[in-house]
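K.L.:
Give the three-dimensional model of this entry:
(chains A, B, C and D)
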4 protein chains.
Amino acid sequence: MSASDAPKPVVILRASPHPVSRIFTADALRALQERYTVVDLEAAADPTEALERALPEAFAVIGQPDLPRERLARAPKLRALLNIEGNFYPNVDYQACYEQGVHVLGCGPAYAQAVAEHALGLALDLARGISREDRAFREGRERYVAEANADAVLLRGAEVGFLGFGNLGRALRTLLTGFAPTIRVYDPWLPPSTLREHGVLPTGLAETVAKSTFLFVLATVTEESEHLLNADLLATAPQGARLVLVSRAPVVDYDALLDGVAAGRFLAGIDVWPEEPLAADHRVRRLEGTVLSAHRAGGIPAAFLSIGDMVLDDLDLIARGLPPVRMQVAARELVGRYRNRPVTG
Amino acid sequence: MSASDAPKPVVILRASPHPVSRIFTADALRALQERYTVVDLEAAADPTEALERALPEAFAVIGQPDLPRERLARAPKLRALLNIEGNFYPNVDYQACYEQGVHVLGCGPAYAQAVAEHALGLALDLARGISREDRAFREGRERYVAEANADAVLLRGAEVGFLGFGNLGRALRTLLTGFAPTIRVYDPWLPPSTLREHGVLPTGLAETVAKSTFLFVLATVTEESEHLLNADLLATAPQGARLVLVSRAPVVDYDALLDGVAAGRFLAGIDVWPEEPLAADHRVRRLEGTVLSAHRAGGIPAAFLSIGDMVLDDLDLIARGLPPVRMQVAARELVGRYRNRPVTG
Amino acid sequence: MSASDAPKPVVILRASPHPVSRIFTADALRALQERYTVVDLEAAADPTEALERALPEAFAVIGQPDLPRERLARAPKLRALLNIEGNFYPNVDYQACYEQGVHVLGCGPAYAQAVAEHALGLALDLARGISREDRAFREGRERYVAEANADAVLLRGAEVGFLGFGNLGRALRTLLTGFAPTIRVYDPWLPPSTLREHGVLPTGLAETVAKSTFLFVLATVTEESEHLLNADLLATAPQGARLVLVSRAPVVDYDALLDGVAAGRFLAGIDVWPEEPLAADHRVRRLEGTVLSAHRAGGIPAAFLSIGDMVLDDLDLIARGLPPVRMQVAARELVGRYRNRPVTG
Amino acid sequence: MSASDAPKPVVILRASPHPVSRIFTADALRALQERYTVVDLEAAADPTEALERALPEAFAVIGQPDLPRERLARAPKLRALLNIEGNFYPNVDYQACYEQGVHVLGCGPAYAQAVAEHALGLALDLARGISREDRAFREGRERYVAEANADAVLLRGAEVGFLGFGNLGRALRTLLTGFAPTIRVYDPWLPPSTLREHGVLPTGLAETVAKSTFLFVLATVTEESEHLLNADLLATAPQGARLVLVSRAPVVDYDALLDGVAAGRFLAGIDVWPEEPLAADHRVRRLEGTVLSAHRAGGIPAAFLSIGDMVLDDLDLIARGLPPVRMQVAARELVGRYRNRPVTG
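P.N.:
Got it, this is the predicted structure:
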């Protein structure tokens, strides 16, 4: 390792849309500053000038300042671009990063656990009517013991379906271990053997929807996945199915979804919306058979702060000549295909 | 096995407080009637007379008709008393049952899975504010992404405490597998080695309360456990702890509990109440920091119907000269100590 | 609890066939003597006289001195008979014990973990030729890398069969968790639902044998199970199957088993034998395709010492008016049906 | 997907050191040939000429023909280099691959499960003396029940140590799930948080060795790991520890290891050797306290055939414009650091 008087590697930081303190604990920020020369663009009088000045010695970039090819070319020592926001915007020339041997890293894993727990919470709420009966209780309409339980079901041993099996699906599968469910997964980006190794059944889209009494929509949005769960498919869901939406809204046809809930065909827990904020008079606000959540599944303090820890861990590995292991290596093939919207508030 | 023309064993049935169809599926009831001569006391013109007439040949009793010692003495072939209600009332002379070699069986395991899932649902709701934010959403007050998440926490890796480790605690521990928590358990009826074999830490009451950021009250009521979780103990719970009450109400000092919630000391998910129904103007109905549930955790269709299946399975084993394995053998030492109230509606 | 000057409960101890130090650590023995007045029959000049003298005050008996009905009648305070040897011999009147409310407890669980680990060790040896190739290596005949691996197979994801699902089957199922096998179980003493709750498939005997590439014989001997695995059934085992015998020898037709191994039909790991010691010239000693073990699966130090710990834990619970939880309650129906031979050396 | 009359992508195949049929099932080979134009260099009259001719259209290379930078430059459509042997030899210019956007993929995961099962088999053998007592039995020296069990130990709940936590360590950790061990891991290439996420304890080298009664050496050889487990460290292993060596031999000081076994300090299961084949008169062949295995842990039929399946799956993903997921992406930082010897026979 470098001697103590060796210059510290230069790290360019642009935390936006986060305040720095959201993603770094005080300890993590101190460690970052001790080990690296941190150039905080948002603290600079002239961010562009600060960026340009730092490039020639830059070891890593945290965040996504504009990095076209020609700017990257001025950063010959650059080893990593650490995305802390969740979306890969086109203001960076990723192709140039790959050619230069710059690791392009994403922070998706930071949110997966939080979203998985929220998704399970929504599913158990739908299974047992928790928020519905909490509301009734507050209004003095509570019904004791078995009276409000006619549609209550167990998750243990249930037929569960996942649309998508990335970080989030894996985290949710782990959480479901103790429920011993049958899990069918539709994920066209993964071969069946990979799914089987994770203990889930690789299944076509139609079968996954038709057989799952708990269906979790966990898919990333790409062109192909838009309205993946359309009206025709929704019509095949089992009567009384519980649908949980915690990934990207465009994956689902909301009109068809809400029509199905209104008709008593199924119940839905919804965390993502086609427009946010949702219109004040949107019909879902008066719709029984739903649990409503305002894109809250991922953005909790523990998830944000884990980003800083992941950044620190991976910077240290890279500085030691080792590959990063905590953030997600953004696949060259996929970095331009995601069409997410920002996750932050 | 007995030849087909052998008389079928006589089974006395008193399903109350359940209707028969709540605990037996149509298939199960048919199987029961095919294999046994069923004397349904509640269908009899004179239940007492029907009971007395059936006793001399009775092989088993499902339910709890009055069975004092002298009546049991008139049932020399009796092999099992299958309690389908959850409480062991003193209208049966259990001591006489044991002396006569009659299995005394309880249906507690039927409810454990349902209660455990409900308890986990309440815990995740408290962790993430699911019902609170659903209410806000319905009122047009929802806050997107991170804005309502300041107090949101993960369950994964959390410090979890259980007060009590019977059927319910075991079911909940299994459900928590994928969360990899540290689980401290206070259960004075179990030796530490038994708890360690289940992968939980045997811990004193004070430490369990003081260290658990998720605390589940799962204890049965006995004289010793009344107000087990009293004001002094509650005062030691970690700031922001999530408390989940799904066993018997007398275990907790409700005034102290609600005071603590009102003071912002902790949050509580409550399924059992000191009086049911609760007073219409009870302060808890207006209390933030709670999820309110009307004794609904156990009494779901799947739980009730599993009772009938357990009854059938165990009757068949006993008729084959084998010990029962599905219902819970009521320990001679404990059958008189429980002070539960009815679980049914 | 009792005041410190109350007389200590009297516990009669007859450790045979074990020396006391095999089943009690020094600490456990000290605890036993501190909490109870221990009457060690084997240390007594006249064991029968010592037994008779202790009976009127006896709280528990550890071991199996002769206890006919009339002797039990002279022990009105007796609460438990703790069997520390593994077999329930007819020198005790178990029926009288049940009538008197005496817990009859067995130590089977003490051995289950040791036997399960040994069984898995035998299975992995058969899967990979570990002892066979160790012998070859010592003789300078070793073959490197893939050359001796033609018949090597994985256990992960394999079709596994259990004959019997008592303590041992449950311990083995737990050990196999990480192998994600399909486990078929034949156990006529358990209803299918119980097996499914443990995550195994209830299956008939024929199907279990015919489909399992790893077959574990874990059944207890009863009249019905003698030669359960006979020549006809063995003929249906899959080519190349691995058979592991760690329960009682009479369950299997050894001639047929060894003929099958000799013919290259399957491989066998054998820990129990129809006669022990086995004849010096027995053909199995020269038979390839076997791993030979001299009834060593259960009797390891950790297993023996756990007996003492279980005894202590359960005595303490019973003394506190609670039911025992660590030793196995011997079912009234089964206590006379086992036909085991001693497990000790 | 491409129309049926589109030319099939060209795949260059050089299976050596494997015969093609070792790594491809008949079905897999058929699928490979149906989907791709396969240029099998080893079937060509002039392999070099065949390679050169195929390069301009080559989509992927399976195996490791000489690929210096100038040759890679003649393969502009090349997307993947799929290593099927386990070592990354310097006859390929990996740096040029990365610059050209060619996936460099390794087959390490194919062997991990096989090695992990073998390692566990060795550990259980050492724990219980399985091969030692099998030898004794064949020589008529077997000792029944407890007599040969004085040093037998349980793996359940044991203190386990891993040196290294790559594919192999992860596979072994999964296999150990049912044993509920404490697992300490020394792996300087991984941050503590990654190890904790896998449920193991990140620990320094000294502590891992000193506290582990079962120690698994799973480390890859690099300059830094040569004689990682040296005489001084071995001297700190617990008395009676079981050491299992299944990774690369240079990681351990064999003289010190065998001296320790000879002195009765610990037991060792050894699958890899400093020279293979080992000298005919090597002392280890007469050494009790060992289980000897001739580099057999990984090279089993199921492992080899999984390579072909992984190759097929990843080729298909890459052809669809998706990233590979089954083979291991060779980190740019590490591809030149491994110093393995061939794994094949």
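K.L.:
Show the model's pLDDT score for the residue of the stretch 201-345 of chain A found nearest chain C.
P.N.:
In the stretch 201-345 of chain A, no residue comes nearer to chain C than residue A:201, which is 12.9 Å away by C-beta to the nearest C-beta. In short, each C-beta sits where N, CA and C put it, glycine included. For residue A:201, the pLDDT comes out at 98.
K.L.:
Kindly report the same for residue A:221.
P.N.:
65.
K.L.:
picking that back up, got the contact list for the residue of the stretch 201-345 of chain A closest to chain C?
P.N.:
By C-beta atoms under 8 Å, 6 or more residues apart in numbering or on different chains, the contact list for residue A:201 reads A:182-185, A:195.
K.L.:
Distance to chain D and neighbour count for these - can I get that in TSV?
P.N.:
Shown next, in TSV, are those (distance: C-beta to the nearest C-beta, whole Å; neighbours: other C-beta atoms under 10 Å in any protein chain shown):
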residue	distance to chain D	neighbour count
A:182	20	13
A:183	18	25
A:184	19	23
A:185	14	25
A:195	10	22
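K.L.:
Could you check how many residues crowd around residue A:101?
P.N.:
14 (other C-beta atoms under 10 Å in any protein chain shown).
K.L.:
Would you agree it is in contact with residue A:81?
P.N.:
No: using C-beta atoms under 8 Å, residue A:101 makes no contact with residue A:81, being 11.4 Å away.
K.L.:
Specify the angle between the longest helix seen in chain A and helix B:108-128 in degrees.
P.N.:
Assignment by DSSP state H gives helix A:108-128 as the longest helix of chain A. Comparing the axes of helix A:108-128 and helix B:108-128 via axes from the mean of the first three to the mean of the last three C-alpha atoms, to 10 degrees yields an angle of 130 degrees.
K.L.:
So is helix A:108-128 next to chain D?
P.N.:
No: using C-beta under 8 Å from any C-beta of the partner chain, helix A:108-128 stays clear of chain D, with a minimum separation of 9.4 Å.
K.L.:
send the alpha carbons of that helix over as PDB?
P.N.:
Extracted in PDB, the C-alpha atoms of helix A:108-128 (Å, rounded to 0.1, in the frame of the first residue of the first chain):
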ATOM      1  CA  GLY A 108     -29.300  -0.500  -6.900                       C
ATOM      2  CA  PRO A 109     -28.400  -3.100  -4.300                       C
ATOM      3  CA  ALA A 110     -28.600  -0.300  -1.600                       C
ATOM      4  CA  TYR A 111     -32.400  -0.100  -2.100                       C
ATOM      5  CA  ALA A 112     -33.200  -3.800  -2.700                       C
ATOM      6  CA  GLN A 113     -33.600  -4.800   1.000                       C
ATOM      7  CA  ALA A 114     -35.800  -1.800   1.800                       C
ATOM      8  CA  VAL A 115     -38.000  -2.400  -1.200                       C
ATOM      9  CA  ALA A 116     -38.300  -6.100  -0.500                       C
ATOM     10  CA  GLU A 117     -39.400  -5.500   3.100                       C
ATOM     11  CA  HIS A 118     -41.900  -2.900   2.000                       C
ATOM     12  CA  ALA A 119     -43.200  -5.300  -0.600                       C
ATOM     13  CA  LEU A 120     -43.700  -8.000   1.900                       C
ATOM     14  CA  GLY A 121     -45.300  -5.600   4.300                       C
ATOM     15  CA  LEU A 122     -47.800  -4.700   1.500                       C
ATOM     16  CA  ALA A 123     -48.400  -8.300   0.700                       C
ATOM     17  CA  LEU A 124     -49.200  -9.200   4.400                       C
ATOM     18  CA  ASP A 125     -51.400  -6.200   4.600                       C
ATOM     19  CA  LEU A 126     -53.400  -7.300   1.600                       C
ATOM     20  CA  ALA A 127     -53.500 -10.900   2.900                       C
ATOM     21  CA  ARG A 128     -54.900  -9.800   6.300                       C
END
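K.L.:
Give me the contacts around stretch A:50-65.
P.N.:
A:9-16, A:36, A:39, A:41, A:44, A:47, A:67, A:71, A:74-85, A:88-89, A:91-92, A:311, A:315, A:318-319.
K.L.:
Among the contacts of residue A:201, which are located in strands?
P.N.:
A:182-185 (DSSP state E).
K.L.:
Adding pLDDT, write those out as CSV.
P.N.:
Putting these into CSV (pLDDT from 0 to 100) gives the following:
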residue, pLDDT
A:182, 98
A:183, 98
A:184, 98
A:185, 97
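K.L.:
Which two of those residues have the greatest separation?
P.N.:
A:182 and A:185 (10.8 Å; C-beta to C-beta).
K.L.:
Was I right to think residue A:20 contacts residue A:33?
P.N.:
No: applying C-beta under 8 Å, one finds residue A:20 not in contact with residue A:33, separated by 10.8 Å.
K.L.:
More neighbours: those two, which one.
P.N.:
Neighbours per residue (other C-beta under 10 Å) separate residue A:20 from residue A:33, with residue A:20 holding more: 18 against 15.
K.L.:
filter the contacts of residue A:201 down to the ones near chain C?
P.N.:
Applying C-beta under 8 Å from any C-beta to the contacts of residue A:201, none is adjacent to chain C.
K.L.:
For those residues, could you give me TSV that also reports distance to residue C:264?
P.N.:
Listed next are the contacts of residue A:201 as TSV, based on distance: C-beta to C-beta, whole Å:
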residue	distance to residue C:264
A:182	38
A:183	40
A:184	41
A:185	41
A:195	37
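K.L.:
Show the contacting residues for residue A:89.
P.N.:
residue A:64.
K.L.:
actually residue A:184, not the one I typed
P.N.:
A:159-162, A:200-201, A:203, A:207-208, A:211-212.
K.L.:
repeat that with 6 Å
P.N.:
A:161, A:201, A:203, A:208 (C-beta atoms under 6 Å, 6 or more residues apart in numbering or on different chains).
K.L.:
Thanks a lot, see you next time.
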